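**Q** Turn this into a structure:
(one chain, ligands or ions: 2)
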Amino acid sequence: MPFIQFTGLSGAGKSTLANQVKKALTQKGHQVEVIDGDVFRQTLCKDLGFSKEDRHENIRRLSFVASLLSNHGIIVIVAAINPYDKVREEMREKYQAKTVWINCELETLQERDTKGLYRRAALPEGHPEKLHNLTGIGDTYEIPPNPDLIIHSHLENIEESSQKLINFILNL
Ligand SMILES: Nc1ncnc2c1ncn2[C@@H]1O[C@H](COP(=O)(O)OS(=O)(=O)O)[C@@H](OP(=O)(O)O)[C@H]1O
Ligand SMILES: Nc1ncnc2c1ncn2[C@@H]1O[C@H](COP(=O)(O)OP(=O)(O)O)[C@@H](O)[C@H]1O
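**A** Ligands and ions are numbered 1, 2, ... in the order given. As a prediction, the model looks like this:
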């Protein structure tokens with residue numbers, strides 16, 4: 001069954017779209033599981049931070065779980081930032097994961113700022129709430145050079161983006 005790895009910055013729409021797709025495909029009789037980076041960081045990956053090594057380890061763990069589910073007939077979406085191309089490629093080779101880039105321009109992300117992370121990243125040096133290593137601002141995000149699908153969430157509404165994803169998944 002398909003194993004889809006999303007990649008994209010915080011606020012790009014990974015969780016929203018993964019859950020929308022899950023809802024729609026479940027209604028059509030498919031079994032779907034969403035493995036959300038933000039959620040797993042509170043449980044299985046609680047010990048991990050945001051260094052390059054920890055982000056790598058995070059994706060390895062999420063993908064291992066995803067591969068088990070996928071082998072048992074479940075469509076799996078790993079919805080994490082997944083910022084490094086080498087790691088995404090590793091998952092493609094190991095588990096045949098398809099890569100979907102949830103792209104969103106930075107200006108829109110800063111306007112959405114649903115979790116307040118972009119505001120915190122923009123605070124002056126020395127501020128106690130300053131976030132230094134936010135992906136795409138103070139930390140690396142490697143644009144996927146050859147994704148299997150690109151969603152431009154700043155140009156589409158949720159319905160349009162979800163429909164593209166559903167068509168993509170059902171044609172895999
Ligand atoms: N420094 C920094 N950089 C990026 N993200 C941060 C950071 N600190 C906390 N958060 C929150 O952690 C969520 C990202 O976790 P992921 O597991 O998806 O990240 S990664 O794939 O291991 O890079 C991310 O969730 P999403 O907003 O859903 O992407 C953030 O809420
Ligand atoms: N086309 C779109 N696809 C996904 N989310 C969108 C889209 N347009 C606007 N949004 C909004 O962007 C935000 C994305 O947040 P979220 O799904 O939590 O992102 P992420 O999981 O990537 O951090 C939501 O508030 C959602 O309503």
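**Q** The protein: helices as residue ranges?
**A** Ranges of helices within the chain are 14-27, 37-40, 52-71, 85-95, 106-112, 117-121, 158-170, based on DSSP state H.
**Q** Quick one: closest of these to His132.
**A** helix 117-121 (7.7 Å; CB to CB). Where C-beta positions appear, they are placed from N, C-alpha and C, glycine not excepted.
**Q** and Met1, what pLDDT?
**A** pLDDT for Met1: 87.
**Q** Pull up the gap between it and ligand 2, please.
**A** As defined by CB to the nearest ligand atom, to the nearest Å, Met1 lies at a distance of 22 Å from ligand 2.
**Q** Redo the helices of the chain as a markdown table? Include distance to ligand 2, mean pLDDT and mean neighbour count.
**A** Converted to a markdown table, the helices of the chain look like this (distance: least, CB to the nearest ligand atom, whole Å; pLDDT from 0 to 100; neighbours: other CB atoms under 10 Å):
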| stretch | distance to ligand 2 | mean pLDDT | mean neighbour count |
| --- | --- | --- | --- |
| helix 14-27 | 3 | 98 | 18 |
| helix 37-40 | 7 | 96 | 17 |
| helix 52-71 | 14 | 98 | 18 |
| helix 85-95 | 16 | 98 | 16 |
| helix 106-112 | 5 | 98 | 15 |
| helix 117-121 | 9 | 98 | 18 |
| helix 158-170 | 4 | 98 | 16 |
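**Q** any chance of those in a markdown table, plus distance to Met1?
**A** A markdown table is the format used below for these (distance: least, CB to CB, whole Å):
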| stretch | distance to Met1 |
| --- | --- |
| helix 14-27 | 11 |
| helix 37-40 | 20 |
| helix 52-71 | 5 |
| helix 85-95 | 11 |
| helix 106-112 | 31 |
| helix 117-121 | 33 |
| helix 158-170 | 10 |
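**Q** To Asp139, which of the ones you listed lies closest?
**A** helix 52-71 (8.6 Å).
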